[in-house]
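no FASTA, just this:
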């Protein structure tokens, strides 16, 4: 069964462009911004969707070249 996250471009989800080859610091900054935006407490209308998006991006940060958020 397909989900809304299939085909999700992680760069696009973070508001970045892959062709710009963002640095780790840019990815981390974008991640932190989106994490606040997607926080379930800030999205009471659809907490399941934002939680799923948050988890997907969190798991894929190493794929984007980010080993640690600190």
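It's in. None of these values were measured; they are calculated from a predicted model.

shaky segments in this protein?
Counting by pLDDT under 70, the chain contains low-confidence residues at 1-8, 67-70.

So residue 26: helix, strand or coil?
Following DSSP: H, G, I helix; E, B strand; the rest coil, the label given to residue 26 is helix.

Tell me how far it lies from residue 50.
Distance, residue 26 to residue 50, by C-beta to C-beta, to the nearest Å: 22 Å. Bear in mind the C-beta positions are built from the backbone N, C-alpha and C, glycine included.

what about these two, which has more around it?
A side-by-side neighbour count of residue 26 and residue 50, using other C-beta atoms under 10 Å, places residue 50 first with 19 against 13.

Let me know the distance separating the more buried one from residue 29.
Counting by C-beta to C-beta, the gap from residue 50 to residue 29 is 19 Å.

and if you look at residue 42?
Residue 42 sits 18 Å away from residue 29, going by C-beta to C-beta.

neighbour-wise, which of these two wins?
The residue with more neighbours, out of residue 42 and residue 29, is residue 29; 14 against 10, by other C-beta under 10 Å.

Look up which helix or strand that one falls in, please.
Element membership for residue 29 (DSSP states H and E) is helix 24-37.

Please work out which residues outside that helix touch it.
Outside helix 24-37, the residues that touch it by C-beta atoms under 8 Å, 6 or more residues apart in numbering are 13-16, 22, 42, 54, 57, 61, 64-66, 69.
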